[in-house]
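[1] One predicted model, sequence on top.
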Amino acid sequence: MRAFDRTQFRRSRIALLVSLALLGFTELVQGQTRCGKERWSIKTGTDSGATSIDTSNVQDTTVASITSPDPPSPIPPDSRVSPAETTTWRISATLTSFKFENEAKSGDSDYHLVLTDDSGATMIVEIPHPGCVGSSVSVRPTPSQLIRRPEA
């Protein structure tokens, strides 16, 4: 029997939280849902370029690696930046904080997850509220793709 692995357990909890949010099981909305605007079709996978995302070749990475390149300037408002937005990434990290953004003036009804990797690098991952995505999403992971259970 293998000893309890706290790090792997935390990562499994992250995957579970992300999968619940993506599947719409966590209904945290109080009041009106306000969907985002800036690059919204790209963030939600409803853009025409979403079909170019390579979902069959998942790339392992860290927060430090994925946040190190400088973003393009300007960031294109209606098209994906390759390879960052056309690659399926698996990030090994710990969820250190999360918040549902739904403030009246600035919230866009999405979930902000703060991830930290083993080097201490952090990043914020945004998950749109399921009510803001619609049914035209080209890329939608299955729960088995999101949840990685600790080995027994």
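    Perfect, thanks for sending it.

[2] quick one: residue 34 from residue 106, how far?
    9 Å (C-beta to C-beta, to the nearest Å). All C-beta atoms are positioned from the backbone trio N, CA, C, and that covers glycine.

[3] Please identify which of these two sits among more neighbours.
    residue 34 (19 against 8; other C-beta atoms under 10 Å).

[4] Return the residues in contact with that one.
    Applying C-beta atoms under 8 Å, 6 or more residues apart in numbering to residue 34 gives the contacts 102, 107, 108, 109.

[5] Distance of the last one relative to residue 127?
    It refers to residue 109. 10 Å.

[6] same check, this time on the third one
    As judged by C-beta to C-beta, residue 108 and residue 127 stand 11 Å apart.

[7] Also the first one?
    Per C-beta to C-beta, residue 102 is found 13 Å from residue 127.

[8] so what's residue 61 scoring on pLDDT?
    Residue 61 carries a pLDDT value of 91.

[9] Spatially nearest residue to it (excluding sequence neighbours)?
    residue 89 (5.3 Å; C-beta to C-beta, 6 or more residues apart in numbering).

[10] can you list contacts of the strand or helix carrying the one you found?
    Residue 89 is located in strand 87-91, with elements delineated by DSSP states H and E. Under the criterion C-beta under 8 Å, 6+ apart, residues 53-55, 57-63, 66, 115, 117 lie in contact with strand 87-91.

[11] and stretch 94-113, which residues are buried?
    94, 95, 98, 100, 102, 107, 108, 109, 110, 111, 113 (16 or more other C-beta atoms under 10 Å).
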